[in-house]
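Q: Using only what follows, build the 3D model:
(one chain, ligands or ions: 1)
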Amino acid sequence: MDTGRARILGDPGRALLVGDRMARGCELCFPGLKAVIFVTGLCDDGCFYCPVDRDKLGRDVFKVNEEPVESVEEAVLEVARQGAEGASLTGGDPLARPDRTLRLVRALKEAFGPRFHIHLYTSGRYATPSILVALDEAGLDEIRFHPTRREFIERVALARKLTSMSVGVEIPVAPGMEEWAIWVIREAERLGAEFVNLNEMEFVAPNASQLMLRGYTEDPMRPFTVKGSLTAALKVLEWARDNTGIPVHFCPARFKDAIQTRNRLRRLASLDARWFEEPTGHGTVRWGELRSPHIKPDVGEECGPHVYCLPPNRELLAAAARLYGGKAVIVEAYPTRSREPVVSEEEAVV
Ligand code: SF4
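A: Sure thing, here's the model as predicted:
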């Protein structure tokens, strides 16, 4: 079959693509412009390769970029803090909590407008016709099915028939799963999906023992990924290039962590820095603290009991410590709301 798709584009460190386009949701993920909303950890699938932390999986946890939130309204505020231009709704399975998911989609569209792009991952288990229609009416732009069972892939046709959403399929690949991936791509194309994403299989603490039981190991050259996952994906991409017309995109695990997440943190650090904080190039912020238990200094902002925050300037901090007494430190943290330090107290002393 001549599909006219002569090449696999890209590089294995960033992305590989067969076809002329990738999903809109992926275009915004690349530069870290999407908020990752963990809608719930509830999920009835139990995939052996599930990389979700076990303190979240199976629990009704609600987070935005790892920040716990208690309500849809708080989630929207957290998305605004990040200055995101879209959101990815994930879990667990967001459709295990359809009411929360629908309220969230509506609230995000209301707060940020119709151009704010939202995509959602689901196994398809709970994707009934009425839920699909409700998601479409709420404003969901893109739905990605991760079919954990053969019959769930039929939801692609249902979503295409009943809604105007962009519909795709996303699965991980590892050695031994090539035939499954090829079957999924064939079915996705037959049922009218617009794209297929192949993910490099992650090898992380939550799934390591299950993977090792099946004979998988970590790739020493590509940390936190299953050895052979890239080779398996390449085989599938070559098959797709020669046999299908549907766009197929491979997303390396390292790309997600090293580039998307860092871009998102960098952006958040520059948007959310307080006057005394300095964003670093690697997605953290730094600031100085004068911990002065006896005298209240007339410099800095009081940001805790006997703690006065200042720009992270060593000379300034040392001078303030001489003048007012106490200890001067430079603190570095990810731009989370709690600003949990990433360097130890000893390292931080000026
Ligand atoms: S469907 Fe997703 S969240 Fe649920 S077990 Fe599988 S990989 Fe994990």
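Q: what residues are up against the closest residue to the ligand within the stretch 151-300 of the chain?
A: The ligand sits closest to residue 172 of the stretch 151-300 of the chain, with a gap of 8.0 Å, by C-beta to the nearest ligand atom. Backbone N, C-alpha and C define where each C-beta goes, glycine included. Contacts of residue 172 were listed using C-beta atoms under 8 Å, 6 or more residues apart in numbering, and they are 49, 198, 199, 200, 201, 202, 229.
Q: Residue 70 and residue 301, how far apart?
A: Using C-beta to C-beta, to the nearest Å, residue 70 is found at 27 Å from residue 301.
Q: So those two - more neighbours on which side?
A: Shown here are residue 70 and residue 301; by other C-beta atoms under 10 Å, residue 301 has more neighbours (12 against 8).
Q: Next one: the more buried one from the ligand, what distance?
A: 42 Å (C-beta to the nearest ligand atom, to the nearest Å).
Q: Spatially, what comes nearest to the residue of the stretch 51-200 of the chain found nearest the ligand if we skip its sequence neighbours?
A: Here the stretch 51-200 of the chain gets closest to the ligand at one residue, residue 123, 4.5 Å apart by C-beta to the nearest ligand atom. Using C-beta to C-beta, 6 or more residues apart in numbering and skipping the chain neighbours, the partner closest in space to residue 123 is residue 148 (4.5 Å).
Q: Kindly report the same for residue 29.
A: Using C-beta to C-beta, 6+ apart, the nearest residue to residue 29 is residue 260, at 5.5 Å.
Q: sec struct for the residue nearest to residue 123, please.
A: The assignment at residue 148 comes out as coil when based on DSSP: H, G, I helix; E, B strand; the rest coil.
Q: Quick check: the residue of the stretch 51-200 of the chain closest to the ligand touching residue 42?
A: No - Residue 123 is beyond contact range of residue 42, at 11.7 Å (criterion: C-beta atoms under 8 Å).
Q: And these two? Which one has more around it.
A: Applying other C-beta under 10 Å to residue 123 and residue 42 shows that residue 123 carries more neighbours, namely 22 against 19.
Q: For that one, grab phi and psi.
A: phi -70, psi -20 (degrees, to the nearest 10).
Q: what sits opposite the residue positioned nearest the centre of the chain in the beta ladder?
A: Nearest to the geometric centre of the chain sits residue 36, at 4.6 Å (C-alpha atoms, centre = their mean). Residue 36 has these beta-bridge partners by DSSP bridges: residue 88.
Q: Could you report the pLDDT at it?
A: If you check residue 36, the pLDDT there is 94.
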